[in-house]
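J.: Just the structure for this:
(2 chains)
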Number of protein chains: 2
Amino acid sequence: MNHGSSSERIAAALRDDIRALPSGSALPATRALTLRFGAGPVTVQQAVRTLVREGLVETRPGAGTFVRRPMASPPADYTWQTAALGPLRAEGAFVGSTMQTPPVEVIGLHSGYPADELLPARAVQTALARAARSRSALDRPPASGLPELRAWFADELAHSGTQRAAAEQSTGGAVLTVAAPSAGDVTIMPGGQSALSSVFRALGRPGDAIIMESPGYWGAIAAARQAGLVIVPVPRDGAAVDPVVLAEAFERSRARLFYAMPHFANPTGGSWSPGEADRILAVVRENGAFLIEDDWAHDFALDLPVRPLAARDAGGHVVYVRSLTKSVSPAVRIAAVVARGPARSRIQTDRVVDGLYVSGVLQTAALEVVGAPSWPGHLRRMREQLRLRRDSLVALIDELLPAGTLTAVPQGGLNLWLRLPAGVEAPEFVARAAEAGVLVSPGDEWFPAEPTGGFVRLNYSGPDPSRFGEGVRILAATLDRLVR
Amino acid sequence: MNHGSSSERIAAALRDDIRALPSGSALPATRALTLRFGAGPVTVQQAVRTLVREGLVETRPGAGTFVRRPMASPPADYTWQTAALGPLRAEGAFVGSTMQTPPVEVIGLHSGYPADELLPARAVQTALARAARSRSALDRPPASGLPELRAWFADELAHSGTQRAAAEQSTGGAVLTVAAPSAGDVTIMPGGQSALSSVFRALGRPGDAIIMESPGYWGAIAAARQAGLVIVPVPRDGAAVDPVVLAEAFERSRARLFYAMPHFANPTGGSWSPGEADRILAVVRENGAFLIEDDWAHDFALDLPVRPLAARDAGGHVVYVRSLTKSVSPAVRIAAVVARGPARSRIQTDRVVDGLYVSGVLQTAALEVVGAPSWPGHLRRMREQLRLRRDSLVALIDELLPAGTLTAVPQGGLNLWLRLPAGVEAPEFVARAAEAGVLVSPGDEWFPAEPTGGFVRLNYSGPDPSRFGEGVRILAATLDRLVR
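T.: Predicted coordinates for the structure are as follows:
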């Protein structure tokens, strides 16, 4: 046995010892090891140096040799990614506060999703279970969606509001009936957010301008930024965007896209009148542009029905987005985009590339829920509940908060838009209210540029409306402390 | 009654007539109308002019007045969209032929999806039905996915292949165990295609280069183009990309992204050996780049297990994509991306902006299927069936097609990659074979640039393997006619 292998033998024995010792334990001194292994101090020290090189022990001068903490999980170093990834694209917060799931004891007026009791829960569960046992659990549906579901969306759009009247345009005396949207114009999407992302990517190129209402939906702002679009805000203080201001924005930005929520806008709740809609649509046509109409609250029309602009669009200028997620179930992520001409084909291409197709189980279940004879009755009852909730929250705000706080009483949708007194900033108010047990959404999230004042959004579709009074009292007290 | 209202009265009566007449019918002559309405010819002619203005009738000089074809659906003019939309982004076909659903009588060797009998159909239907009756039918899951499902994917990755051995790297003598991937590193996606699209968008900026194997997956090619990335192809003729060629591609293109299928690549079927994987990973690290590892065929490992490179990645260089769609069900569109460091956070941001979250019903059902004690047994039986199918198709090709047609016998996956004799072009061969009743995929779809020869892909997981012999005989006869 030569010197080297003797050192190796000692190292091997010590490795066994080390495995059994907690980190930080002292190894026996060199003298003790020479006795134990019957080897000289040089050989022993050579064995220890081997263990040091292997990272198993460390020598502290004057103190001895100690078992090292195992290097099993060194802190990973991902700093190289900073160079590989380059600059961030979307500034600011990307996930709205509406996506939070709060602890149960707080009063949640922040959510974007209606509470269970407003959903057709049994119909959804039955429809999903039936779909699960059908071929749709095993089949791959067509990329653009199930034909029957596409037909349902087309039919809904064709018959929305006072369809025939709205669908006819008098053009210089000739009766020009707009061709009703057909199933072929519909692309099924896995939810409204996906629909917006696809439409923005398909119709815009990075660097292109897109006109948006301000304030407007945070998810659309995030999707437009992610698509590399430059957001050109136009103010929407009252009911609708001013057509003159819109025309100027088109001229200045050379935008070809205008994203808007004509009915029950999120967050302000405002709606365009038919006359305003006509004037705005005329500006869009004159500018050879698309109006991306987000009809998010179609099912939440409380005081007046929705007449989508897409139903009276003759030239393919309106790209229409409607989702069932909020009115059917958060688990049934189904939406539709209605578009005509080359725009439709670009959107369908993006959909395929982004996700090939939408689960047939979800499409089948969605169709069963909205196609059932019970659906109109459910919608009627849900709207009645939402009306009661809205009116209750409006009355409490009128009673308990300073005059002028409520900007308007919306005729549909799920939200109230509150203006805070001058000098009160939304983020601070929201933080203080949360500490006191009430969650609301800071208005800042809905502005594509700087907010024009302190605003908060209150959603009246969350759980437990019996606590609205308590909630508004807490908001009033919070405001009181901030303005004092 | 004045003159004007008399003309109006005549026009109203004629409108009723016109409604009942087929288009092209002649109106009575002016003289007949003067008699019928007891009015002068000027009044009658004024009524007719009103109808002309309204587009209801047209006057053909010397012939009379005729009912017009209704203008209800004029051919819509969408030409303005051409200017608004600008140039197309993704060239060529965007939907692979693998997405076709053929008539039942043809022999389908083109599909990308395993036939029903290879799927855990009953387990899927039971799991979906159970999920339908649970809270997951009504709840909104966290944006990054259900914690239990994320943990399952992380655990699968940590224990893939001969996990511990693969997870340890000897670094200069110190034992450096790679930290196992954790649930927090996992983002749930609505299918593998969505995962690729999100990763490309999140990690690349429009104009950035991405290195891809050629031939490679058509869906990845389409997703990269849609994200605005420039594809830099590196050849993958044999088992793996040549590390020297890869290093040159990195240097030339300054790419930070390399997309690859290390195991059972689609379409070639080749796999990287552990040694090749080490050398390729070293090149990726040296270039401060990401390897996007598409482990699409993890569940279709036939002769050797998959050891994902992500399982031994210490520095966050490997972004790992795995989907359950092909092995669980086309309706259960669930995939996962495993990434670490800032890359993970960018991918999660893209996911939220692209679609907020993935349906909880699908996540719950997927977890129940793959987490069940019966899953390993199902995988074993499915692999046995796939092995028989592959061996049968390989034997038939060896027997009936010219020597050298089969490029390799893959050790996993679902496909065979065939080289056509010199002078035979894939599109023509595919078209002739389809006419003769056999669908195969033209190889051209898998090349990010020009194809380097005539190739076709045959998938052995489609319906009815008993017709493989008939299918290959038809392919042989088709080839015979083309080379003669």
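J.: Just the C-alpha atoms of stretch A:428-440, please, in CSV.
T.: Extracted in CSV, the C-alpha atoms of stretch A:428-440 (Å, rounded to 0.1, in the frame of the first residue of the first chain):
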residue,chain,number,x,y,z
GLU,A,428,-53.6,55.9,0.6
PHE,A,429,-57.3,55.8,1.0
VAL,A,430,-57.4,52.3,-0.3
ALA,A,431,-54.7,51.2,2.1
ARG,A,432,-56.3,52.8,5.1
ALA,A,433,-59.7,51.3,4.2
ALA,A,434,-58.1,47.8,3.9
GLU,A,435,-56.6,48.2,7.3
ALA,A,436,-60.1,49.0,8.6
GLY,A,437,-61.5,45.9,6.9
VAL,A,438,-62.9,47.1,3.6
LEU,A,439,-61.3,46.4,0.2
VAL,A,440,-61.9,48.7,-2.7
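J.: Pull out the buried residues from it.
T.: Neighbour-count burial for stretch A:428-440 flags A:429, A:430, A:432, A:433, A:434, A:436, A:438, A:439, A:440 (criterion: 16 or more other CB atoms under 10 Å in any protein chain shown). Heads up, the C-betas are built off the backbone N, CA and C, glycines and all.
J.: Name the residues of the stretch 351-484 of chain A found near chain B, please.
T.: A:352, A:353, A:354, A:355, A:356, A:357, A:358, A:359, A:360, A:361, A:362, A:365 (CB under 8 Å from any CB of the partner chain).
J.: Please, which helix or strand holds residue A:470?
T.: Secondary structure assignment for residue A:470, by DSSP states H and E: helix A:468-483.
J.: that older thread, secondary structure added to the buried residues of stretch A:428-440, as TSV?
T.: Putting the buried residues of stretch A:428-440 into TSV (DSSP: H, G, I helix; E, B strand; the rest coil) gives the following:
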residue	secondary structure
A:429	helix
A:430	helix
A:432	helix
A:433	helix
A:434	helix
A:436	coil
A:438	strand
A:439	strand
A:440	coil
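J.: and the gap between residue A:323 and chain B?
T.: Distance, residue A:323 to chain B, using CB to the nearest CB, to the nearest Å: 11 Å.
J.: ok so, going back, pull the CA atoms of the helix holding residue A:470 into CSV?
T.: Extracted in CSV, the C-alpha atoms of helix A:468-483 (Å, rounded to 0.1, in the frame of the first residue of the first chain):
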residue,chain,number,x,y,z
PHE,A,468,-72.7,47.2,2.5
GLY,A,469,-73.8,49.6,5.3
GLU,A,470,-71.0,48.6,7.6
GLY,A,471,-68.6,48.9,4.6
VAL,A,472,-69.7,52.4,3.6
ARG,A,473,-69.6,53.5,7.2
ILE,A,474,-66.0,52.4,7.4
LEU,A,475,-65.2,54.1,4.2
ALA,A,476,-66.8,57.3,5.5
ALA,A,477,-64.7,57.1,8.7
THR,A,478,-61.6,56.5,6.8
LEU,A,479,-62.2,59.5,4.5
ASP,A,480,-63.0,61.6,7.6
ARG,A,481,-59.6,60.8,9.1
LEU,A,482,-57.8,61.6,5.8
VAL,A,483,-59.5,65.0,5.2
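J.: what about the residue nearest to the spatial centre of chain A, which SS state?
T.: For chain A, the residue whose C-alpha lies nearest the mean C-alpha position (CA atoms, centre = their mean) is residue A:219; its distance is 5.1 Å. With three-state DSSP as the basis, residue A:219 sits in helix.
J.: show me where the stretch 101-250 of chain A has strands.
T.: Shown for the stretch 101-250 of chain A, the strands assigned by DSSP state E, counting those that start in this stretch span residues A:107-108, A:168-171, A:174-177, A:186-189, A:209-214, A:230-235.
J.: swap in the stretch 301-450 of chain A?
T.: Remark: strands assigned in the stretch 301-450 of chain A by DSSP E, counting those that start in this stretch are A:318-323, A:335-338, A:415-419, A:438-439, A:441-442.
J.: Include mean pLDDT and distance to residue A:308 when you put those strands into JSON lines, please.
T.: Output for those, formatted as JSON lines (pLDDT from 0 to 100; distance: least, CB to CB, whole Å):
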{"stretch": "strand A:318-323", "mean pLDDT": "95", "distance to residue A:308": "6"}
{"stretch": "strand A:335-338", "mean pLDDT": "96", "distance to residue A:308": "9"}
{"stretch": "strand A:415-419", "mean pLDDT": "93", "distance to residue A:308": "20"}
{"stretch": "strand A:438-439", "mean pLDDT": "90", "distance to residue A:308": "32"}
{"stretch": "strand A:441-442", "mean pLDDT": "90", "distance to residue A:308": "26"}
